[in-house]
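> Sharing a sequence plus its predicted fold:
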Amino acid sequence: MPLNIPIVLTWFRVALIPVFTVLFYLPETTLSLQHQNEIGALIFALGGITDWLDGYLARRWNQTSSFGAFLDPVADKLLVAAALILLVELNRAPAWLAVIIMGREITISALREWMAQLGKAKSVAVAYIGKLKTAAQMVAIFLLLWQGPLLFMAGKQTQWLGTVALYVAGILTIVSMFYYLRVAAHQFRE
């Protein structure tokens, strides 16, 4: 396993997951719910920033590796899954939508693994629709975790905008899943 800054950032993102999760189980006598929300949202945002940064640095410094290519999406999916499960438990996101989003992630990961075994990984590389889905998902989760006033928005507006962004992410999740399945469809027939 190569050890470089991009991979360290990815491992850091994995290490944030238990910290992020435990934060929401602290008693309110230790940390108020508002502070849990704000710190949790900031930890999630830090995870999103490291996701962008590790990929940028790996490409810029020519430090890409097969291990990094494996670990990066796993770290992303674990962070998003942990956040979605917490949001469902906190009654800030519907369980059915979280299941759709996580189910798509598992399906597309399996599809990419299968296509890689066939030597056709590039045909299911991340497409623009997948990037849009990820952006909507990250904004939605951040806003739903934050839950309070933010910039020009009151707490209810933040929650409303986060909910709308989550539904947009859900729609893009389904559309992008069908896009990737359509791209790989000719392999299903063989």
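Cool, the structure landed.
> With adjacent residues omitted, what lies nearest to residue 14?
Counting by Cβ to Cβ, 6 or more residues apart in numbering, residue 14 lies nearest to residue 75, which is 4.9 Å off, once chain neighbours are set aside. (C-beta placed from N, C-alpha, C; glycine too.)
> any idea which element that neighbour lies in?
Using DSSP states H and E, residue 75 sits in helix 66-89.
> And the residue nearest to residue 14, how far from residue 17?
8 Å (Cβ to Cβ, to the nearest Å).
> quick one: which of these two has more around it?
Higher neighbour count among residue 75 and residue 17: residue 75, with 23 against 18, using other Cβ atoms under 10 Å.
> could you list every residue that touches that one?
By Cβ atoms under 8 Å, 6 or more residues apart in numbering, the contact set of residue 75 is 10-11, 13-14, 51.
> Repeat the analysis, applying 10 Å as the threshold.
By Cβ atoms under 10 Å, 6 or more residues apart in numbering, the contact set of residue 75 is 9-17, 47, 50-51, 54.
> swap in residue 78?
Residue 78 neighbours (Cβ under 10 Å, 6+ apart): 13-14, 16-17, 47, 105.
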